[in-house]
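Student: Generate a structure from the sequence data that follows.
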Amino acid sequence: MMLKKRKREGGEFSASSMADITFLLLLFFLVTTNIDVDTGIGMTLPPKVDEQEIVPMSKDRLAALLINENGDVLLNGEIIAIPQIGETLKERIRSKINLPKKKKLVVSIKTDRNTNYNLYIQALDQVKDAFYSVRNEYAMGKWGKKRDKVTEEQHKELKEKIPIIISIAEPEKVQ
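Tutor: You can find the predicted model right below:
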């Protein structure tokens, strides 16, 4: 004798609470997820000046850095590789440490409107790194400490002796 299988009726569930559960899950993931927001470049901009005074600047005080849309980088009209910018500028920064503020080095960065943003950031990083490296050397030589370990007074002296003066010019066509 063979036993026959009984057919059972399928279980039922209420779909009315599915929308509530879905909403709660969505709300949970929205609240617990961190959204990474690009913060951009941290730069301190000078205050707005109503009347600008045009001051003539000697060529030995200016380091003109141009980056065109093809990725060519020129420092004072000569082609240079991005990793060489820092080393080239360090010598000029060092030579102006003991001069008054009106004779310190000014680095002007100009780009083309179609310049690769990554190249611009790399060049800007090289310029800032050159200033920070010279500040580090000065602090080590004078106080035997790195620039981030100096006192507030020493930090003020560093900023006075080696000010970071970078002019970011309005993009224009660069040949």
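
Student: use CA for all of it now, contacts and neighbours both
Tutor: OK.

Student: For the protein, which residues score under the pLDDT cut-off?
Tutor: By pLDDT under 70, the weakly predicted segments of the chain are 1-2, 10-11, 38-40, 45, 170-175.

Student: So in this protein, which helix runs the longest?
Tutor: Counting residues, the longest helix in the chain under DSSP state H turns out to be helix 117-143.

Student: Could you find the residue nearest the spatial middle of the protein?
Tutor: Relative to the mean C-alpha position of the chain, the nearest C-alpha, by Cα atoms, centre = their mean, is the one of residue 41, at 4.2 Å.

Student: That residue is in what secondary structure piece?
Tutor: When elements are defined using DSSP states H and E, residue 41 is found to belong to no helix and no strand.

Student: and if you look at residue 153?
Tutor: Take DSSP H and E as the rule and residue 153 turns out to sit in helix 152-161.

Student: And that helix, what does it pack against?
Tutor: Contact partners of helix 152-161 among helices and strands, from 3 or more Cα pairs under 8 Å, 6 or more residues apart in numbering; DSSP states H and E: helix 117-143.

Student: Which positions in the helix it packs on come out as buried?
Tutor: Applying a neighbour-count criterion of 16 or more other Cα atoms under 10 Å, one finds 119-120, 123-124, 126-136, 138-139 buried in helix 117-143.

Student: could you give the angle of that helix to helix 152-161?
Tutor: Between the axis of helix 117-143 and that of helix 152-161 there is an angle of 120 degrees, by axes from the mean of the first three to the mean of the last three Cα atoms, to 10 degrees.

Student: How much space separates residue 163 from residue 98?
Tutor: The spacing between residue 163 and residue 98, counted by Cα to Cα, to the nearest Å, is 12 Å.

Student: and if you look at residue 55?
Tutor: 21 Å.

Student: who's more crowded, these two?
Tutor: Remark: of residue 55 and residue 98, residue 98 carries more neighbours, 12 against 6, as counted by other Cα atoms under 10 Å.
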